[in-house]
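Q: just need the structure, nothing else, for what follows:
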Amino acid sequence: MSGFVEKPEPLQVPGLTHLHTGKVRDLYRNEAGDLVMVASDRLSAYDWVLPTEIPDKGRVLTRLSLWWFEQLADLAPNHVLSTELPPGAPADWAGRTLICKSLRMVPVECVARGYLTGSGLAEYQESRTVCGLALPEGLVDGSELPAPIFTPATKAAVGEHDENVSYEEVARQVGEAVAAELRQATLDVYSRARDIARERGIVLADTKFEFGFDGDTLVLADEVLTPDSSRFWPADQWQPGRAQPSYDKQYVRDWLTSPESGWDRRSEQPPPALPQQVVDATRAKYVDAYELLTGTSWS
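A: Numbering: from 1, shown residues only. Prediction:
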């Protein structure tokens, strides 16, 4: 059992039709047929949407995604049409709302890995592969891979876990031509972002993208290269062979699995509320990632 500990009721806004309450975002459609994406302050971990929000998180994700979309514009068009607040929307939506093209979404999480960790490390330790791709012997937690790899996953519903799949399975689902286009776009965007992050003292270990089609054009959608969708490590502390310090929600995962939380992730019990010090430290990590990457002050 997993999902929302406390599922929020969607807001009713004149002129908008509520479509979906996701782990982090609420989706609406306006009268023109465009998507309205509202990034909340919710946080998910271990397939649960936690009962405690992280202040400013939705605005950090939105502002950072917009910054990345600008850096990547020559590589991949994106779905953003406007950042204006819809008429009648609550004031709290300011800074966390995007008006976006309605795309024909590809049902694949497009994951790029440049370093070995997480579920990729677990598979490597068993078979020396990640998503069926053979990797060299001798890699450890945090090792840089010889070259970035495309390791797709299925897109899971709230409360379910994304499952890594092979490239061949993606090709079976969406066709060989689309699979090849997804792989190339994912690796191109990751490589550009990795280099930009490296210049700013951050290791971009891995990240996931979502793509959709606008006619025949592949378009980058959803959020992009945020602490929710990526692993960011401080470059000056990177040390293969151990878990890396991070600017992402790994901090929360570590607290949830610590004796201090008292929670057993293998049980069917929902996770506990986060203590204030964990909330404050997590917010600081999100803000640090924003400021280091963009070179601008959050406030």
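
Q: wait, L256 touches W263, no?
A: Yes: with contact taken as C-beta atoms under 8 Å, L256 and W263 are classed as touching, separated by 5.7 Å. Just so you know, the C-beta spots here come from the backbone N, C-alpha and C atoms, and that holds for glycine as well.

Q: and for these two, which residues touch both?
A: P271 (C-beta atoms under 8 Å, 6 or more residues apart in numbering).

Q: the two: who's more crowded?
A: It is L256, of L256 and W263, that has more neighbours when counted by other C-beta atoms under 10 Å, with 21 against 18.

Q: ok, that one - contacts?
A: Taking C-beta under 8 Å, 6+ apart as the criterion, L256 is in contact with A45, Y46, W263, R265, P271.

Q: out of those residues, who's nearest A197?
A: Relative to A197, the closest of the contacts of L256 is A45; by C-beta to C-beta it sits at 22.8 Å.

Q: could you look up the SS state of E137?
A: coil (DSSP: H, G, I helix; E, B strand; the rest coil).

Q: next one: the one 5 residues further on
A: Secondary structure for G142, judged by three-state DSSP, is coil.

Q: again with the one 3 residues further on
A: Following three-state DSSP, we place L145 in the strand state.

Q: what about it, distance to Y286?
A: To Y286, L145 is 26 Å away according to C-beta to C-beta, to the nearest Å.

Q: check M105 too.
A: Going from M105 to Y286 by C-beta to C-beta gives 26 Å.

Q: do E53 as well
A: Note on E53: its distance to Y286, by C-beta to C-beta, is 12 Å.

Q: repeat for P240
A: 25 Å.

Q: between the two, point out the one with more neighbours.
A: The neighbour comparison of P240 against Y286 (other C-beta under 10 Å) goes to Y286, with 26 against 14.

Q: now do the contacts for the more buried one.
A: Y286 is in contact with I54, D56, K57, V60, L61, P227, Y247, counting by C-beta under 8 Å, 6+ apart.

Q: other SSEs contacting the lengthiest helix in the chain?
A: The longest helix of the chain (DSSP state H) is helix 176-199. Here helix 176-199 touches helix 57-71, strand 108-115, strand 144-150, helix 167-174, strand 202-214, strand 217-221, going by 3 or more C-beta pairs under 8 Å, 6 or more residues apart in numbering; DSSP states H and E.

Q: which of those sits closest to R96?
A: Minimum separation from R96 across the helices and strands packed on helix 176-199 (C-beta to C-beta) falls at helix 57-71, 4.0 Å.

Q: tell me the average confidence for the closest one?
A: The average pLDDT within helix 57-71 is 97.

Q: pull the distance from whichever helix or strand comes after it to the chain's centre.
A: Counting by DSSP states H and E, the next helix or strand C-terminal to helix 57-71 is strand 80-82. Averaging C-alpha positions (C-alpha atoms, centre = their mean, to the nearest Å) puts strand 80-82 19 Å from its chain's average.

Q: which other helices and strands does strand 80-82 contact?
A: Strand 80-82 packs on strand 97-100, going by 3+ C-beta pairs under 8 Å, 6+ apart.

Q: which other residues reach the helix or strand following the strand it packs on?
A: For strand 97-100, the following helix or strand on the C-terminal side (DSSP H and E) is strand 104-105. Strand 104-105 is contacted by residues E210, F211, G212, F213, D214, A221 when judged by C-beta under 8 Å, 6+ apart.

Q: looking at the contacts of L256, which is nearest S82?
A: S82 lies nearest to A45 out of the contacts of L256, by C-beta to C-beta, at 31.5 Å.

Q: list the contacts for the closest one?
A: Contacts for A45 (C-beta under 8 Å, 6+ apart) come out as K249, V252, R253, L256, P271.

Q: separate out the buried members of those.
A: Using 16 or more other C-beta atoms under 10 Å as the burial test, the contacts of A45 include K249, V252, L256, P271 as buried.

Q: out of the helices and strands packed on helix 176-199, deepest packed?
A: Among the helices and strands packed on helix 176-199, ranked by average contacts under mean count of other C-beta atoms under 10 Å, first place goes to strand 108-115 (a mean of 24).

Q: from the contacts of A45, which has minimum pLDDT?
A: Among these, K249 has the weakest pLDDT, 86.

Q: what comes into contact with stretch 209-225?
A: 24-25, 37, 39, 61-62, 64-65, 68-69, 72, 76-79, 100-101, 103-106, 108-112, 155, 181-182, 185-186, 189, 193, 204, 207, 229.

Q: list the buried ones in the longest helix of the chain?
A: Burial within helix 176-199, assessed by neighbour count using 16+ other C-beta under 10 Å, is assigned to 178-179, 181-183, 185-187, 189-194, 196-197.
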